[in-house]
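# Have a look at this prediction, sequence included:
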There are 2 protein chains.
Amino acid sequence: MTTTTQDSEQEDTTINFQGDEAVQDQPQEQGAVSKIALLDADAIATHLDPAGIKAAVARAFCALADGMAVQPPQTLVPLPGDGGDFIVYSAADLASGLIGVKVSPYLLKRGRTHGDPVTAYTLLLSVDDGEPVALCDALTLTAHRTAATSSLAIDHLVGSRTRRLAVIGSGPLARLHVRYELRSRRWDEVAIFSPGLAANPSLLDGWRGEMACDAISVAASAREAVDGADAVMLCTSSGVPVIDVDWLADDVVVTSIATNAFQAHEIDPKRLNSFAVHCDLRATAPLQAGEMIIAAREHGWRHEAIIADLPELLSGLRSGTRHGRRFFRSTGLGIADVAAAAYVKDQMLSSLPKAV
Amino acid sequence: MTTTTQDSEQEDTTINFQGDEAVQDQPQEQGAVSKIALLDADAIATHLDPAGIKAAVARAFCALADGMAVQPPQTLVPLPGDGGDFIVYSAADLASGLIGVKVSPYLLKRGRTHGDPVTAYTLLLSVDDGEPVALCDALTLTAHRTAATSSLAIDHLVGSRTRRLAVIGSGPLARLHVRYELRSRRWDEVAIFSPGLAANPSLLDGWRGEMACDAISVAASAREAVDGADAVMLCTSSGVPVIDVDWLADDVVVTSIATNAFQAHEIDPKRLNSFAVHCDLRATAPLQAGEMIIAAREHGWRHEAIIADLPELLSGLRSGTRHGRRFFRSTGLGIADVAAAAYVKDQMLSSLPKAV
């Protein structure tokens, strides 16, 4: 009544599966997984080009505007106990021909052994045949696409005066925000504040050399940093406001990234109504941005008040506000993860020696 | 003001990323992606063991019951235009130490060129350090975990009489359901019906040889197949009922898988109230099973009526009903995808030659 020969088992691998009925006429491709591009952190490091990544992220937002891409909300899954969580970011972009899923665990156990609790990996599949094309380490790419997104927002929201840039935070995301901004436009002064930096200003020495920019300075306080700034980039993982809105100039654009932590925010939600609000994607940001959730619940803010999101700004469907107090919030989108991973994959493949 | 040397770019790959602040003390593992196990359809084919897969799936459901695993709902993402969709199944199982994400595109374009529109790939990451451990072709595994799930349900719902098994459908899923059932218990008669099979009964010749079972026969109609059956396994991608409940014996267990198509169902939703209803997971099945959605909306069925789900049945927390008309619905769970992929990955790794 039973048989366990391998031959009989192997039959299954060549039958196709359509819903629950068989289509047995076409063999499945057997080697798809072995043929994908594997991009480790090392491989990615040689292909990180801010201009290229920013352009790729811009194209992805345009694809969303054109109805050529789709962006569902991210999914945060808490692990049993207090071990951490993982977030799944997914998207599809017909313009680049890719479906992508990024999974990013936040593991307290890893934090204790490795110092950093976060990893991130992106799997790309072809939207033509559904086969995988690349698996890549997405930790550094996540920081790059976040900085690219904020810089795209500044492109569309900054006024005619770009004298002073303030950055709150001094981690890798803050550093990348400065790098992307310095490549996007001229800033006469770049004032950075974080508590750690105030205690140890020499941390910035590496930044100045890397970016060949003497305009970067350490501020003694967040208030001093943002004083008179034309743009303020909040680059922290804070769950509570890191600046007081009253410190800001009347004509300023503020970008905010915060984190995926529950209702995390970098400005006082009560003051959201005093800004012209913009975001990365109006369909998802109000579901995830802490200050938007709290402002909607407690302070009468309505998501309809969002002036424009990045697909609208980049496609020209809507214009951003370029005067007064403007706010831009990004929550992190799979479509940008797909774009960044695809850019680096393409760079890697095009740099390989061609077969003669 | 700008620098594009590779050296400066590479710095980013060794800084760690904690939320948005830096933890720069620990280098990131550079080669994690290159070290993962890649399981193509060929590699998987040599490690498909129904008993092993069924046991692995059972352990995963027990982990859910024990609070050691977590199972969010699946996410279906329609592609722009009418190109198809993709579904993301995710889960984490601390008992097996894995986070897993399966992405399964349904692409009409692939259907036209390859015959089969569906692919599926599962990425496994360690829940200890967040690094990827395997990427595997999950198309065949999806069919196996589905058959394993149905057979686990039969284990807990079938009565003392197991004389006649009816199977509706003759595709790979139907075939696997029969194989898993024949290895799980004795059936004197196995009656199969599908329209294609009725037209070409010789399709079954391969089944009889594969399963070394002469009891398998072709029924002339669905009604003839289920007549007097002690268990009926519905293994179709139908969106409408494939049997009439009035044809069933009074003492029968019916399993149903249907598909992810909108509100797909294999029995009349109006008759759901006449069954003792069981499912794979009570937290998610009522959100996805077409007959449950329709029965709740139009026929006064309430999800609280679910007698037990598989975690409850397997852990002994609740007993299944073993008499009268019983219904078991599975919708497909990431936790079973993770279990099946992990089982095959472990089999493959343990079969590799050991380093001396």
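Received it, and whenever you're ready, just let me know what you need.

# Just the buried residues of the helix or strand hosting residue A:291, please?
When elements are defined using DSSP states H and E, residue A:291 is found to belong to helix A:290-298. Residues of helix A:290-298 classed as buried under the neighbour-count rule (16 or more other Cβ atoms under 10 Å in any protein chain shown) are A:290, A:291, A:292, A:293, A:294, A:295, A:296. To be clear about C-beta, it is placed using only N, CA and C from the backbone, and glycine gets the same treatment.

# And stretch A:122-140, by the same measure?
Of the residues in stretch A:122-140, those scored as buried under the neighbour-count criterion (16+ other Cβ under 10 Å) are A:122-127, A:129-140.

# what about that stretch, start to end distance?
End-to-end distance for stretch A:122-140: 12 Å, by Cα to Cα, to the nearest Å.

# That one close to chain B?
Yes - using Cβ under 8 Å from any Cβ of the partner chain, stretch A:122-140 reaches chain B at A:123, A:125, A:127-132, A:135-137, A:139-140.

# now, the most widely separated pair of the buried residues of helix A:290-298?
Spatial extent of the buried residues of helix A:290-298 (Cβ to Cβ) is set by the pair A:290 and A:296 at 10.9 Å.

# Can you pull the residues of the stretch 201-350 of chain A lying near chain B?
Residues of the stretch 201-350 of chain A lying close to chain B (Cβ under 8 Å from any Cβ) are A:206, A:210, A:211, A:212, A:213, A:235, A:236, A:237, A:257, A:258, A:259, A:261.

# Which of those residues sits closest to residue A:63?
Within these, distances to residue A:63 taken as Cβ to Cβ reach their minimum at residue A:257, with 22.2 Å.

# hang on, the closest one packs against residue A:174?
No - in this structure, residue A:257 sits apart from residue A:174 without contact. The criterion is Cβ atoms under 8 Å, and the distance is 9.9 Å.

# Distance of the residue in the stretch 201-350 of chain A that chain B sits nearest to relative to residue B:274?
Residue nearest to chain B within the stretch 201-350 of chain A: residue A:237 (2.6 Å; Cβ to the nearest Cβ). The spacing between residue A:237 and residue B:274, counted by Cβ to Cβ, to the nearest Å, is 54 Å.

# do residue A:210 as well
According to Cβ to Cβ, residue A:210 and residue B:274 sit 71 Å apart.

# Looking only at neighbour counts, state which of these two leads.
Just comparing residue A:210 and residue B:274: by other Cβ atoms under 10 Å in any protein chain shown the higher neighbour count belongs to residue A:210, 19 against 15.

# in what helix or strand does that one lie?
Secondary structure assigned from DSSP H and E places residue A:210 in helix A:205-211.

# From the chain's centroid, how far away is the helix or strand following that helix?
Per DSSP H and E, helix A:205-211 leads on to strand A:216-218 as the next helix or strand towards the C-terminus. Averaging C-alpha positions (Cα atoms, centre = their mean, to the nearest Å) puts strand A:216-218 25 Å from its chain's average.

# What strands flank strand A:216-218, and is each parallel or antiparallel?
When pairs are called by DSSP bridges, strand A:216-218 turns out to pair with strand A:189-193 (parallel).

# what comes up buried for the strand it pairs with?
Under 16+ other Cβ under 10 Å, the buried positions of strand A:189-193 are A:190, A:191, A:192, A:193.

# Output those as CSV; include the columns pLDDT and distance to residue B:346.
Listed next are these as CSV, based on pLDDT from 0 to 100; distance: Cβ to Cβ, whole Å:
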residue, pLDDT, distance to residue B:346
A:190, 96, 52
A:191, 97, 54
A:192, 97, 49
A:193, 97, 50
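
# what's the closest of these to chain B?
Set against chain B, the nearest of the buried residues of strand A:189-193 by Cβ to the nearest Cβ is residue A:190 (10.6 Å).

# Distance-wise, check the closest one relative to residue A:99.
To residue A:99, residue A:190 is 38 Å away according to Cβ to Cβ.

# Same check on residue A:92?
Residue A:92 sits at a distance of 5 Å from residue A:99 (criterion: Cβ to Cβ).

# Mutual contacts of the two, please.
When contacts are counted by Cβ atoms under 8 Å, 6 or more residues apart in numbering or on different chains, residue A:92 and residue A:99 are jointly contacted by A:127, A:338, B:86.

# Show the buried residues in the residues of the stretch 201-350 of chain A next to chain B.
Buried members of those, counted by 16+ other Cβ under 10 Å: A:210, A:211, A:213, A:235, A:236, A:237, A:257, A:258, A:259.

# secondary structure class for the last one?
The reference is to residue A:259. For residue A:259, the assignment made with DSSP: H, G, I helix; E, B strand; the rest coil gives coil.

# Surely it is in contact with residue A:237?
Yes - counting by Cβ under 8 Å, residue A:259 does reach residue A:237; the two are 4.5 Å apart.

# re the thing from before, what would the buried residues of helix A:290-298 look like in TSV with pLDDT?
Converted to TSV, the buried residues of helix A:290-298 look like this (pLDDT from 0 to 100):
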residue	pLDDT
A:290	95
A:291	97
A:292	97
A:293	97
A:294	97
A:295	98
A:296	97
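
# Flag the shaky bits of the stretch 101-250 of chain A, pLDDT-wise.
With pLDDT under 70 as the threshold, the stretch 101-250 of chain A has no low-confidence stretch at all.

# Now do the strands in it.
In the stretch 101-250 of chain A, strands defined by DSSP state E, counting those that start in this stretch lie at A:121-126, A:132-137, A:164-168, A:189-193, A:216-218, A:231-234, listed in chain order.

# what's residue A:318 in contact with, if anything?
Residues near residue A:318 by Cβ under 8 Å, 6+ apart: A:307, A:308, A:312.

# Try it again at 7 Å.
Taking Cβ atoms under 7 Å, 6 or more residues apart in numbering or on different chains, we find residue A:318 in contact with A:308, A:312.

# Kindly report the same for residue A:258.
Residue A:258 sits next to A:264, A:265, A:266, A:290 when contact means Cβ under 7 Å, 6+ apart.

# what about 10 Å?
Residues counted as contacts of residue A:258 (Cβ atoms under 10 Å, 6 or more residues apart in numbering or on different chains) are A:234-239, A:242, A:264-267, A:288-291, A:329-332, B:19-20.

# same thing with residue A:317?
If a contact means Cβ under 10 Å, 6+ apart, then residue A:317 has A:65, A:66, A:308, A:309, A:311 as its contacts.

# Mind checking which of the residues you listed are buried?
Of all those considered here, the ones buried according to neighbour count by 16+ other Cβ under 10 Å are A:65, A:308, A:309, A:311.

# want to throw those residues into TSV with distance to residue A:199?
Conversion of these to TSV gives the following (distance: Cβ to Cβ, whole Å):
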residue	distance to residue A:199
A:65	44
A:308	39
A:309	38
A:311	41
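
# quick one: which two of these are the most distant?
Among those, the pair separated by the greatest distance (Cβ to Cβ) is A:65 and A:308, at 10.7 Å.

# which residues do these two both contact?
A:314, A:317, A:318.

# ok so, going back, out of the residues of stretch A:122-140 next to chain B, who's nearest residue A:116?
Checking those against residue A:116 by Cβ to Cβ gives residue A:139 as the nearest, at 8.4 Å.

# wait, doesn't the closest one sit right on residue A:41?
Yes - proximity of residue A:139 to residue A:41 meets the contact threshold set by Cβ atoms under 10 Å, at 7.0 Å.

# ok so, going back, show me what the helix holding residue A:210 packs onto, helices and strands only.
Helix A:205-211 makes packing contacts with helix A:172-184, strand A:189-193, strand A:216-218, helix B:6-10 when contacts are defined by 3 or more Cβ pairs under 10 Å, 6 or more residues apart in numbering or on different chains; DSSP states H and E.

# Only C-alpha atoms, please: export it in PDB.
Written as PDB, here are the backbone C-alpha positions of helix A:205-211 (Å, rounded to 0.1, in the frame of the first residue of the first chain):
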ATOM      1  CA  ASP A 205      36.300  64.300  11.600                       C
ATOM      2  CA  GLY A 206      35.600  61.300   9.400                       C
ATOM      3  CA  TRP A 207      32.600  62.900   7.900                       C
ATOM      4  CA  ARG A 208      34.400  66.100   6.900                       C
ATOM      5  CA  GLY A 209      37.100  64.100   5.100                       C
ATOM      6  CA  GLU A 210      34.700  61.700   3.500                       C
ATOM      7  CA  MET A 211      32.500  64.500   2.100                       C
END
